[in-house]
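Chemist: I would like the atomic coordinates for the input below:
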Amino acid sequence: MCIASRFLRLALVVAVSSFAGDRASAAAGGSPDAGALHPLGFVSDPEIDKIESLTKEGKRDAAHDLASAILARPPSAFHSAASERVLKATALFLRAQVAKSEAEAMRDLLSAAAQGHPEAPYHIGAHLLIEARSSGPERSARLAPQIEASFLAGAGLGDPQCMELLETIYKQSGKNDDANYWGLIRRMTEADENGRRAFDKVSREIFTSSDRSLLDRVLRQKSPSGGPTASAVRGVPGRSIPTSAFVDTWMRKQLAFVWRASFNPDAPDATVTQAFEDNRRVVRVDPFGQVLLLLGSRSGSGDGIVPLSHDELAAAILPGDNIVVLSGGRSHYATVWAIDRGAGTVSVLDPFPEYWQPTHNAAITKMDRIDYAPGRQLIRLSWPEVRDMLMAAIVVRDSAPAPSAKGR
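Modeler: Got it, this is the predicted structure:
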């Protein structure tokens, strides 16, 4: 059983790289002649790499001119409209680093952010923050909403620096729920194995009922993961506070990544089991969580594999789960972003939305594109239609039942 799982394999690249580290090599874009398809599905452009090299060598004028040349390319020179947007946004971001004036740098950063570049919001917010600190109270007050909006845009795409600054801003302004939320997500974003173990120990041994209630509430109100969730299906654990916070960070990394993705017809497919094993190897959630493969049939066994009925599989799906669907012999992978069973809708994050178009998929009668963040859309679909296509899901759940909190 083979799936078009390039999105999964691409997303795994994000998990093992720094937030900013793949800026050039993972940037989608480039003309068919100049660009090269990365084996995992990225489209790279050698001139982006060259701009970075020139910048590192101190050849700022040459880097500036090369970035400007990319921005002057006609649409016909690019692989697609999406790759044009990504490559030009990357050129704008890089040109801002060698800009000839502060005004030019800010102009390029604003344009890059508007086209979806995930690093531009931090630089915009940092620039405005420096300006505010060197200005009088009236000017600082006028800049405050712009600073907050910039850091929110970056934090929404998983940037831990933006999260840290938001935490500070909200603490200073008395917005404790916002400060607690972004503080928790930042710590989960930055945590290595030791950090996760330390957080797990604190959450199990030190958190009081009041602590747990506060974090539960802010996650439910603010997190795309939906916050802590009890098990809906026997044999499939729910999500505790640390697990749901981890899923939040994973969703934001995927949201940042999807902007860079470009379909590569030569990229290798993977079986569901291969995709699951890749995910288990890279997505480190221990000690509080685990990666599971839920199969919508009673067959299948192995470590981390949970065979379910089709109804049970559908009942177990939560935001942040990676679903595998099948229609007309064509299978596909997407990330559930939101699900409203009462309204009968589900929204998915998918760099290859063409799969869901009714003209391409006989099982789908309606598909809506929802603008969610600059350069990023969600695909809203009928949940009953997606439910009928559902065959498996790769999910993050608790590794053990949540502990009872201490009372005061």
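Chemist: Residue 165 touches residue 151, doesn't it?
Modeler: Yes - the pair residue 165 / residue 151 is scored as a contact, 5.1 Å apart, by Cβ atoms under 8 Å. Bear in mind the C-beta positions are built from the backbone N, C-alpha and C, glycine included.
Chemist: if I look at these two, which residues touch both of them?
Modeler: Taking Cβ atoms under 8 Å, 6 or more residues apart in numbering as the criterion, residue 165 and residue 151 both touch residue 125.
Chemist: Who has more neighbours out of those two?
Modeler: For residue 165 versus residue 151, the count of surrounding residues by other Cβ atoms under 10 Å is larger for residue 151: 28 against 23.
Chemist: Sort out which residues of the host helix or strand of residue 334 are buried, please.
Modeler: Taking DSSP states H and E as the criterion, the element that holds residue 334 is strand 330-340. Along strand 330-340, these residues count as buried under the neighbour rule (16 or more other Cβ atoms under 10 Å): 331, 332, 333, 334, 335, 336, 337, 338, 339.
Chemist: cool, stretch 70-87 as well?
Modeler: Applying a neighbour-count criterion of 16+ other Cβ under 10 Å, one finds 70, 73, 77, 78, 79, 82, 83, 84, 85, 86, 87 buried in stretch 70-87.
Chemist: Give me the distance between the two termini of that stretch.
Modeler: For stretch 70-87, the first-to-last residue distance is 8 Å (Cα to Cα, to the nearest Å).
Chemist: And for stretch 47-65?
Modeler: Here the two ends of stretch 47-65 are set 11 Å apart, with distance taken as Cα to Cα.
Chemist: Between all of the buried residues of stretch 70-87, which two are separated the most?
Modeler: Greatest spatial distance among these (Cβ to Cβ): 70 and 82, at 15.6 Å.
Chemist: Pull the distance from stretch 365-375 to the chain's centre.
Modeler: On the basis of Cα atoms, centre = their mean, to the nearest Å, stretch 365-375 sits 16 Å off its chain's mean C-alpha point.
Chemist: which parts of it are buried?
Modeler: Judged by neighbour count using 16+ other Cβ under 10 Å, the buried positions of stretch 365-375 are 367, 372, 373, 374, 375.
Chemist: farthest-separated two in these?
Modeler: 367 and 374 (21.2 Å).
Chemist: I'd guessed residue 371 sits against residue 347; true?
Modeler: No - counting by Cβ under 8 Å, residue 371 does not reach residue 347; the two are 11.9 Å apart.
Chemist: how far away is the residue nearest to residue 361 when sequence neighbours are not counted from residue 357?
Modeler: If you skip the residues right next to it in sequence, residue 361 has residue 327 as its closest partner in space, 5.4 Å away by Cβ to Cβ, 6 or more residues apart in numbering. Distance, residue 327 to residue 357, by Cβ to Cβ, to the nearest Å: 12 Å.
Chemist: same check, this time on residue 335
Modeler: As judged by Cβ to Cβ, residue 335 and residue 357 stand 18 Å apart.
Chemist: And residue 382, by the same measure?
Modeler: Between residue 382 and residue 357 the distance, using Cβ to Cβ, works out to 14 Å.
Chemist: neighbour-wise, which of the two wins?
Modeler: More neighbours surround residue 382 than the other of residue 382 and residue 357, with 16 against 11 (other Cβ under 10 Å).
Chemist: Next, the contact list for that one, please.
Modeler: Residue 382 makes contact with 344, 345, 346, 364, 365, 366, according to Cβ under 8 Å, 6+ apart.
Chemist: Since that was my last question, I'll sign off now.
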